[in-house]
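In: Can you look at this prediction? I've put the sequence above it.
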Amino acid sequence: MSSSIESLISREYQHGFVTEIEADTLPPGLSEEIVRAISGKKNEPPFMLEWRLKAYRRWLSMKEPHWPNVTYGPIDYQAVSYYSAPKTKKPLGSIDEVDPELLATYAKLGIPLNEQKMLAGVAVDAIFDSVSVGTTMREELSKHGIIFCSLGEAIREYPALVEKYLGSVVPYSDNFFAALNSAVFSDGSFVYVPKGVRCPIELSTYFRINSADTGQFERTLIIADEGAYVSYLEGCTAPKRSTNQLHAAVVELVALKGATVKYSTVQNWYAGDKEGRGGIYNFVTKRGKAAENAKISWTQVETGSAITWKYPSVILLGDNSVGEFYSVAVVNNHQQADTGTKMIHIGRNTKSTIVSKGISAGQGNNSYRGRVQVLPKATGARNYTQCDSMLVGNRCGAHTFPYIEVGNNSAIVEHEASTSKIGEDQIFYLKQRGLSAEQAVSMIVSGFCKEVFKELPMEFALEAQALLGITLEGSVG
Amino acid sequence: MPLLEINGLRANVGDKEILKGLDLAVGAGEIHAVMGPNGSGKSTLAQVLAGNPAYEVTGGTVTYDGRDLLEMQPEERAQQGIFLAFQYPVEIPGVSNAYFLRAAYNEIRKAHGEDEVDPLEFADIMDEKLALVDMDPSMLNRSVNTGFSGGEKKRNEILQMAVLQPKLGILDETDSGLDIDALRIVADGVNTLKRPDNATIVVTHYQRLLNYIVPDFVHVLANGRILKSGGKDLALELEEKGYDWVTSGHVSMGAGA
């Protein structure tokens, strides 16, 4: 009977190819010299090198955190290469001058970068290993005064903005992986939306790890000035390799007075094979700071990576600020995820909403970890948390670790949680109506995740839904 | 050749044998009622015909539309026109009734080499079908069976049957838990759907439903086998005399007294 819920999770990973391209890669290992070399390769101003070195020294004194509910062998930080960039012969004048091999790679991933074939209404920054290979629609955006470029360019061209905001939400000393990232980050996206401007199109960054034994340490900084609005989406894929690769990113969102930042992630890093060999270690720090009347909304669909460790958070600093976190995390085979959010209520009448949907299949292990903190001055703070887990099969795990700290008597904090199993009866019911087992599971899971999918921009909601179907294929037979 | 021909069917749930050599033939255009006491194997028969993997077929043959039914996957049976109205319809939270029904409708069309219909065309089809079971269009936006009352769930089954237009509809205790109004709506739906080329098997414990759906044949199922078959009057006779009349071997005595 139960044999029929055994095999719907294992269609092959579709983005596992490797691009043959000449790369400029630093030798493995981490030292002050490497940090200096990275900064030097990027022609950074002195303040940036100083900041990196402070981060590096701090990192030396820190220990890798082991409180997440995941297990993995020791990571040899000296075996990782901290910089790899595709070689280019000359500086690029426009995106159409990008190496055709790279354009082909992104086209294969469904991300056309040629100006003629761009996705309508979406501007893309493509990050390949350690560097940005091109950003589309920049001219269109600059008409509105919006800056959308790689962080490397921003450091050179807008140093004042970068110096003011980099590390203002996630300081280099924040945690082990954030310190590592601050020391060696190579590139990432930078967005600045000026006062009162509503960014007319979706901005997106597409991250691709290609080189073997290379870590990816990108850093994204998004600043929405007073009253501005921006919606941003990131996607991630990597080749299939039998060894684990480290990805330690930092994302900082700054929403000034009355601004709105909506940040969506569809994370599909290579997850390792059915026996749990290979896959990306995804150790990410994401946080936003919301000023008065500002709103920050995180939506994430996490289907890839061998291990996921991330807690997109909001510091609700200003009065009436709003924080949201909508998450779907799927684990299959031997994947492990420890993910959730932190909502720190500091301002008065601050509001936060957390909706987390965890799906565990195969021998996957999924943990929700969330902290809702209401500080003494946060009069009228309000939080609603809904945390649902779904189990597929009987060898997987779902865990919930909610932390609630309330320091103000007027706060209202709600937490709801549920756990369910995909039932044989549900699958049989749908099959009896003519649907295949795959369609049945995909439909049941999509229904379970509906509240999160509706937060995604339309075209990405469809992509996310399809991705979920692929991730779970083979988990039910 | 009948649409459905069952010979010597044996089936287990776990280690327990429930069907013990069941014979039944259903022709196109006919309505058959299968009646019997609790635990006689009525629901098992319905589930086995639909291909529920929780039931193990251990013997006998089932031919449907000239094909070996037992060789077919549940979804293939559905695509080839077998529809089971569940005794306990299953909830699918977050999936709208309309989305689910259109997906099912299109799968069946695809299996017959027909084009899929888009949401607008499908909305037109639904308007007519909703009226048939007296359901409010808002039902289409609700999640499949989620938070439905018992009566709504049963009506939703008949709605699905009306949309999918099966060749062989199997109603498993559709009357249980229905008040008289809902019963009439369900029965009207079944009667309206009757065509010369399709057939219906109505599985029920009580004669009550048969006041509204008039069967061509009535079968008494007990202890895993059909013990007696007859016309529609058999149902009335059962109602009057109880199942003991058939099951305890008093048939001839009763007839002779």
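Out: Structure's in. What do you need?
In: What distance do you get for the nearest residue to residue A:406 once chain neighbours are set aside to chain B?
Out: Spatial nearest neighbour of residue A:406, excluding adjacent residues (C-beta to C-beta, 6 or more residues apart in numbering or on different chains): residue A:374 at 4.6 Å. To be clear about C-beta, it is placed using only N, CA and C from the backbone, and glycine gets the same treatment. Using C-beta to the nearest C-beta, to the nearest Å, we find residue A:374 at a distance of 31 Å from chain B.
In: same question, residue A:421
Out: Using C-beta to the nearest C-beta, residue A:421 is found at 13 Å from chain B.
In: Might you enumerate the residues of chain A proximal to chain B?
Out: Contact residues (C-beta under 8 Å from any C-beta of the partner chain) of chain A with chain B: A:1, A:3-4, A:423-426, A:428-437, A:439, A:443-444, A:446-451.
In: which stretches of chain A have low pLDDT?
Out: Along chain A, the parts satisfying pLDDT under 70 run over A:1-23, A:86-123, A:127-135, A:209-213, A:236-242, A:458-460, A:462-463, A:465-477.
In: how much space is there between residue A:62 and residue A:182?
Out: Going from residue A:62 to residue A:182 by C-beta to C-beta, to the nearest Å gives 11 Å.
In: again, but for residue A:33
Out: In terms of C-beta to C-beta, residue A:33 sits 17 Å off from residue A:182.
In: between these two, who's got more neighbours?
Out: Between residue A:33 and residue A:182, residue A:182 has the larger neighbour count (other C-beta atoms under 10 Å in any protein chain shown), namely 28 against 11.
In: Where does that one fall, secondary structure wise?
Out: helix A:176-184 (DSSP states H and E).
In: circling back: okay, and which of the residues of chain A next to chain B map to helices?
Out: A:424-426, A:428-432, A:437, A:439, A:443-444, A:446-451 (DSSP state H).
In: out of those, which are buried?
Out: Neighbour-count burial (16 or more other C-beta atoms under 10 Å in any protein chain shown) is assigned, among these, to A:424, A:426, A:428-432, A:437, A:439, A:443-444, A:446-450.
In: Which pair of these spans the longest distance?
Out: Maximum pairwise distance among these (C-beta to C-beta): 23.6 Å, between A:432 and A:449.
In: can you pull the contacts of residue B:150?
Out: B:177-178 (C-beta atoms under 8 Å, 6 or more residues apart in numbering or on different chains).
In: Could you point out the helix or strand that follows whichever helix or strand residue A:266 is part of?
Out: In the assignment (DSSP H and E), residue A:266 maps to strand A:260-267. Sequence order places strand A:279-290 as the next helix or strand after strand A:260-267, per DSSP H and E.
In: okay, the angle between that next one and strand A:260-267?
Out: 170 degrees (axes from the mean of the first three to the mean of the last three C-alpha atoms, to 10 degrees).
In: Partner strands of strand A:279-290, with direction?
Out: Strand A:279-290 pairs in its sheet with strand A:244-247 (parallel), strand A:250-255 (parallel), strand A:307-310 (parallel), strand A:313-316 (parallel), by DSSP bridges.
In: Next, the angle from that strand to helix A:176-184.
Out: Using the same axes, to 10 degrees: strand A:279-290 against helix A:176-184 is 90 degrees.
In: In chain B, which residue sits nearest chain A?
Out: residue B:94 (2.9 Å; C-beta to the nearest C-beta).
In: That residue: how many residues sit nearby?
Out: Going by other C-beta under 10 Å, the residues that sit close to residue B:94 add up to 19.
In: How about it: what's its closest non-neighbour residue?
Out: residue A:447 (2.9 Å).
In: Surely that neighbour is in contact with residue B:91?
Out: No. Proximity of residue A:447 to residue B:91 does not meet the contact threshold set by C-beta atoms under 8 Å, at 9.9 Å.
In: what is in contact with those two at once?
Out: Joint contacts of residue A:447 and residue B:91 (C-beta under 8 Å, 6+ apart) are B:143-144.
In: if I pick residue 74, what's in contact with it?
Out: I went with chain A, as the question did not name one. Contacts of residue A:74 by C-beta under 8 Å, 6+ apart: none found.
In: should've been chain B
Out: Applying C-beta under 8 Å, 6+ apart, the residues near residue B:74 are A:428, A:431-432, B:50-53.
In: which one among those gets closest to residue A:49?
Out: Of all the contacts of residue B:74, residue A:49 sits closest to residue A:431, with 61.5 Å by C-beta to C-beta.
In: quick one: low-confidence parts of the stretch 1-150 of chain B?
Out: In the stretch 1-150 of chain B (pLDDT under 70), no residue qualifies.
In: try 90 this time
Out: B:1, B:14, B:37-39, B:118-121, B:123-124, B:127-128, B:131-139, B:141, B:149-150 (pLDDT under 90).
In: Show me what from it comes close to chain A.
Out: Near chain A, when you scan the stretch 1-150 of chain B using C-beta under 8 Å from any C-beta, you find B:50-54, B:73-75, B:77-79, B:83-84, B:86, B:89-95, B:100, B:103-104, B:107-108, B:111, B:143-144.
In: Buried ones among these?
Out: B:50-53, B:74-75, B:77-79, B:83-84, B:86, B:89-95, B:100, B:103-104, B:107-108, B:143-144.
In: Which of those residues fall in helices?
Out: Mapping those onto helices (DSSP H) picks out B:50, B:74-75, B:77-79, B:100, B:103-104, B:107-108.
In: For the closest residue to chain B within the stretch 301-450 of chain A, give me its contacts.
Out: Nearest to chain B in the stretch 301-450 of chain A, going by C-beta to the nearest C-beta, is residue A:447, at a distance of 2.9 Å. Residues in contact with residue A:447 (C-beta under 8 Å, 6+ apart) are B:92-95, B:143-144.
In: low pLDDT regions in the stretch 151-257 of chain B?
Out: By pLDDT under 90, the low-scoring segments of the stretch 151-257 of chain B are B:151-152, B:174-195, B:205-211, B:232-257.
In: and it, which residues reach chain A?
Out: Counting by C-beta under 8 Å from any C-beta, the residues of the stretch 151-257 of chain B that sit close to chain A are B:160, B:164.
In: now the helices for the chain?
Out: Reading this off chain A. Under DSSP H, chain A gives helices at A:32-41, A:46-60, A:100-108, A:138-142, A:151-157, A:159-165, A:176-184, A:424-432, A:437-453, A:458-472.
In: Chain B is the one I meant
Out: B:42-50, B:74-79, B:97-111, B:119-132, B:150-164, B:180-193, B:233-241, B:244-247, B:251-256.
In: centroid residue for the chain?
Out: Using chain A. By C-alpha atoms, centre = their mean, chain A has its centre lying nearest to residue A:265, at 5.1 Å.
In: hmm, I had chain B in mind actually
Out: residue B:170 (1.6 Å).
In: Do I have it right that residue A:273 meets residue A:333?
Out: Yes. Between residue A:273 and residue A:333 there is a contact under C-beta under 8 Å: 7.4 Å.
In: The two: which is more packed in?
Out: Using other C-beta under 10 Å, the more surrounded residue of residue A:273 and residue A:333 is residue A:333, with 22 against 18.
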